[in-house]
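> Below are the sequence and a predicted model; questions follow.
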Amino acid sequence: MSVELNHTIVHARDNRESAEFLAHILGLEVGTGWGPFIPVATSNGVTLDFATIPAESIVMQHYAFLMSDEEFDAALARIQQAGIAHYADPQLKQPGEINRHHGGRGLYFMDPAGHGMEILTRPYGSHMQHSTAS
């Protein structure tokens, strides 16, 4: 068996709110709660287990989600419909824009607990793989 990331715990002020927020944006389902966790599983089998902790204990983390162009368009539409601020850059200095890095598209937004979320259509460095694979 090769090593794979199976799950990670995401701290939240309200585990259900954060799980539902992310699941809605990404077009995923919220799983059945288990103990203190509310899970959201991605298509590659990684589960984000949202756990409620005191707000002052939350340290911002960054989570990036690779998706198809069609999924990106749908996620962007949901972000816009919900009035969620999004940015082309992780420093949040290019509001309302998307980037075109790595031969694809990407954007950043914040979740209810203050985590930085990113959606992108091409993995970092993928434009180099295509240009050198002749």
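Cool, got the structure.
> Now for the closest residue to residue 115 other than its chain neighbours, how many residues are close by?
What sits nearest to residue 115 in space, not counting adjacent residues and going by Cβ to Cβ, 6 or more residues apart in numbering, is residue 61, at 5.1 Å. (Glycine included, C-beta is placed from N, CA and C.) Neighbours of residue 61 under the rule other Cβ atoms under 10 Å: 14.
> Okay, residue 61 and residue 20: tell me how far apart.
Using Cβ to Cβ, to the nearest Å, residue 61 is found at 18 Å from residue 20.
> do residue 111 as well
11 Å.
> which of the two has more neighbours?
The neighbour comparison of residue 111 against residue 20 (other Cβ under 10 Å) goes to residue 111, with 21 against 16.
> so where's this structure shaky on pLDDT?
Scanning the chain for pLDDT under 70 picks out 127-134.
> Please enumerate the strands of it.
Using DSSP state E, the strands of the chain run over 7-12, 37-41, 47-52, 62-66, 86-87, 106-110, 116-120.
> got the angle for the second one vs strand 47-52?
If I follow you right, that is strand 37-41. 150 degrees (axes from the mean of the first three to the mean of the last three Cα atoms, to 10 degrees).
> and strand 37-41, what does it pack onto?
Judged by 3 or more Cβ pairs under 8 Å, 6 or more residues apart in numbering; DSSP states H and E, strand 37-41 is in contact with helix 15-26, strand 47-52.
> For my notes, please list these in TSV and give distance to residue 36 for each entry.
Compiled in TSV, the helices and strands packed on strand 37-41 are given as follows (distance: least, Cβ to Cβ, whole Å):
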stretch	distance to residue 36
helix 15-26	7
strand 47-52	5
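> right, so of these, which gets closest to residue 7?
Nearest to residue 7, of all the helices and strands packed on strand 37-41, is strand 47-52, at 4.1 Å by Cβ to Cβ.
> got the buried residues for the closest one?
47-50, 52 (16 or more other Cβ atoms under 10 Å).
> Could you list the residues in contact with it?
6-16, 18-19, 22, 31, 34, 36-42, 63 (Cβ atoms under 8 Å, 6 or more residues apart in numbering).
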